[in-house]
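Trainee: How does the following fold in three dimensions:
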Amino acid sequence: MKNIVLLPAVLLMSACQISIEEGEESSPLDWESLVAGTWQNCSELSSGSELYTTVQDGGYWQDTTEYFTDKDCKTPDASKAKDIYSGTYTLKNTLVLADGIKAVEVDWTYDQTDVFNNGVCYSLYSVVGNFLYFGDIYSDDIDCSTPEKRSVGLDYDFPLVKIANI
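Mentor: Predicted structure coming up:
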């Protein structure tokens, strides 16, 4: 089961892997406006499904995972409690990833201290169309524990659909 709470290859700053935008000819991306909103993903599990919802709003985030007995996130599983995590985020440099997609470095700090990495995760955000993607923190050598272990790619298997603007 993927758990985005564990958000967040050693960061390779070579031209073939990832590059920092020095300056854009068009106006720079307003990442804060792009990521602001409520985003969701329903994922099928071996038994049932989970609905992951994240709210991103001006440097604050809250993640909720709800569990369901069916594969379509329709029938709540009364035997499982919701998981709720929250904290703050800071957006850093804009990157161009190896696949040509623009992303922004994000540093998450959790309000909860009983999570991995002592409540800090270094990852990525990207918005493509109506989808929000997080950095792929499930690859080898990436655990988002330090800026050097920040994702170098996106988790395209876990797209979040924007359901509301902030």
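
Trainee: so Glu32, which of the three states?
Mentor: helix (DSSP: H, G, I helix; E, B strand; the rest coil).

Trainee: residues contacting it?
Mentor: Shown in contact with Glu32 (C-beta atoms under 8 Å, 6 or more residues apart in numbering): Gly58, Gly59, Leu91. C-beta coordinates here come from the backbone N, C-alpha and C atoms, glycine included.

Trainee: ok, 6 Å please
Mentor: Glu32 sits next to no residue when contact means C-beta atoms under 6 Å, 6 or more residues apart in numbering.

Trainee: got a pLDDT number for it?
Mentor: Note for Glu32: predicted pLDDT of 95.

Trainee: how near is it to Tyr110?
Mentor: 20 Å (C-beta to C-beta, to the nearest Å).

Trainee: SS state for Gly87?
Mentor: Judged by three-state DSSP, the three-state class of Gly87 is strand.

Trainee: Touching, it and Asp107? I think so.
Mentor: No - taking C-beta atoms under 6 Å as the definition, Gly87 is not a contact partner of Asp107, at 10.2 Å.

Trainee: Can you pull the poorly scored residue ranges out of the protein?
Mentor: 1-28, 139-141 (pLDDT under 70).

Trainee: Closest to the centroid, which residue in it?
Mentor: For the chain, the residue nearest the mean C-alpha position is Phe134 (3.0 Å; C-alpha atoms, centre = their mean).

Trainee: contacting residues around the closest residue to Gly153 other than its chain neighbours?
Mentor: Distance criterion C-beta to C-beta, 6 or more residues apart in numbering; nearest residue to Gly153, sequence neighbours excluded, is Asp136 at 4.9 Å. Contacts for Asp136 (C-beta under 6 Å, 6+ apart) come out as Ser151, Gly153, Leu154, Asp155.
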